[in-house]
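1. Pasting a predicted model and its sequence here:
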Amino acid sequence: MDLRKITTEIIGTAWLVLGGCGSAVIAAAFPNVGIGLLGVSFAFGLTVLTMAYSIGAVSGCHLNPAVTIGLAAAGRHPKGEVIPYIIAQLIGGVIGAGILYLIASGKPGFDVVTSGFAANGYAEHSPGGYSMMSGFITELIATAFFLYIILSATDKKAPAGFAPLAIGLSLTLIHLLTIPVTNTSVNPARSLGPALFVGGWALQQVWLFFVAPILGAVFGAIAYSVTVKDKEPESKLFKKPAEAST
């Protein structure tokens with residue numbers, strides 16, 4: 001297992017949680033200039049977009065256990081690397097949440113539990129009061145579409161160089177749609193980090209944000225395999241520029 005891949009997945013996932021959740025915890029509620037739902041949605045999309053261009057050629061820039069599982073299900077990622085990638089992503093998510101906690105706790109009166117710390121939830125912990133079933137369906141369907149877009153945008157038939165844009169913007173769109181329902185996960189690593197710091201209800205509900213995205217990722221991989229995928233397997237999610245023309 002290439003240590004560079006593991007390291008970049010840790011760094012990239014930490015950046016996703018810090019940038020995305022940090023925008024919700026720190027910037028969204030800032031007096032007079034809060035960025036709101038639109039700003040938080042773009043923040044999550046931009047974290048993936050920037051990292052895809054930065055580390056895509058090294059690790060594939062998964063940053064998400066559901067993405068890794070979906071890619072493996074579609075034959076686009078070595079099955080022997082699935083567990084190391086997932087461990088790295090979960091570690092990165094916790095590191096990102098830890099950095100965010102250190103920053104946010106520097107404000108007088110900050111309370112990680114009261115703030116919610118951008119944790120994902122359903123029922124009384126859903127931003128819009130949506131039920132567990134609504135949250136499960138939302139996370140499953142959103143992740144299925146996310147994987148379908150990732151796999152299709154990085155397919156060898158797709159225009160070279162534009163995949164990070166499609167993936168980042170799709171994540172932005174997903175957040176615009178689903179923040180009111182679950183605070184948007186589609187990523188177990190993104191959910192675990194904040195939940196560990198909030199504890200209590202967040203840890204009790206975090207199971208949904210593992211199960212639904214993983215199932216959704218598999219469904220997205222199946223849809224891609226049926227509708228887009230050629231018979232010849234592809235070994236990398238993002239190719240280096242020198243390889244793109246071969």
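-> Great, that's in hand.
2. Give me the below-cutoff pLDDT ranges for the protein.
-> 31, 33, 231-246 (pLDDT under 70).
3. OK, contacts around the residue nearest in space to the middle of the chain?
-> With distances taken as C-alpha atoms, centre = their mean, the chain has residue 187 as the residue nearest its mean C-alpha position (4.2 Å). Each residue near residue 187 by C-beta atoms under 8 Å, 6 or more residues apart in numbering is listed here: 16, 63-67, 93, 209, 213. Just so you know, the C-beta spots here come from the backbone N, C-alpha and C atoms, and that holds for glycine as well.
4. Closest one to residue 142 out of these, please.
-> The closest of the contacts of residue 187 to residue 142 turns out to be residue 213 (C-beta to C-beta; 8.2 Å).
5. gap between the closest one and residue 162?
-> Separation of residue 213 from residue 162 (C-beta to C-beta, to the nearest Å): 25 Å.
6. ok, those two, which is more surrounded?
-> Relative neighbour count places residue 213 above the other of residue 213 and residue 162, with 30 against 11, counting by other C-beta atoms under 10 Å.
7. name the element the more buried one belongs to?
-> If you go by DSSP states H and E, residue 213 is part of helix 208-227.
8. Mind listing what's buried along that helix?
-> Within helix 208-227, the residues that count as buried by 16 or more other C-beta atoms under 10 Å are 208-210, 212-224.
9. Closest one of these to residue 169?
-> Using C-beta to C-beta, those come closest to residue 169 at residue 220, 16.6 Å.
10. how about the nearest residue to that closest one, chain neighbours excluded?
-> In this structure, residue 220 finds its nearest non-sequential neighbour in residue 147, 3.0 Å apart by C-beta to C-beta, 6 or more residues apart in numbering.
11. Just confirm that neighbour contacts residue 66, I think it does.
-> Yes: between residue 147 and residue 66 there is a contact under C-beta atoms under 8 Å: 7.3 Å.
12. ok, the closest residue to residue 89 other than its chain neighbours to residue 38 distance?
-> Computed as C-beta to C-beta, 6+ apart, the closest residue to residue 89 that is not its neighbour in sequence is residue 189, at 4.1 Å. Noted for residue 189: a distance of 24 Å to residue 38, by C-beta to C-beta.
13. and if you look at residue 85?
-> Computed as C-beta to C-beta, the residue 85 to residue 38 distance reads 31 Å.
14. neighbour count winner among the two?
-> residue 85 (27 against 13).
15. Surely residue 14 and residue 95 touch.
-> Yes: using C-beta under 8 Å, residue 14 makes contact with residue 95 at a distance of 4.4 Å.
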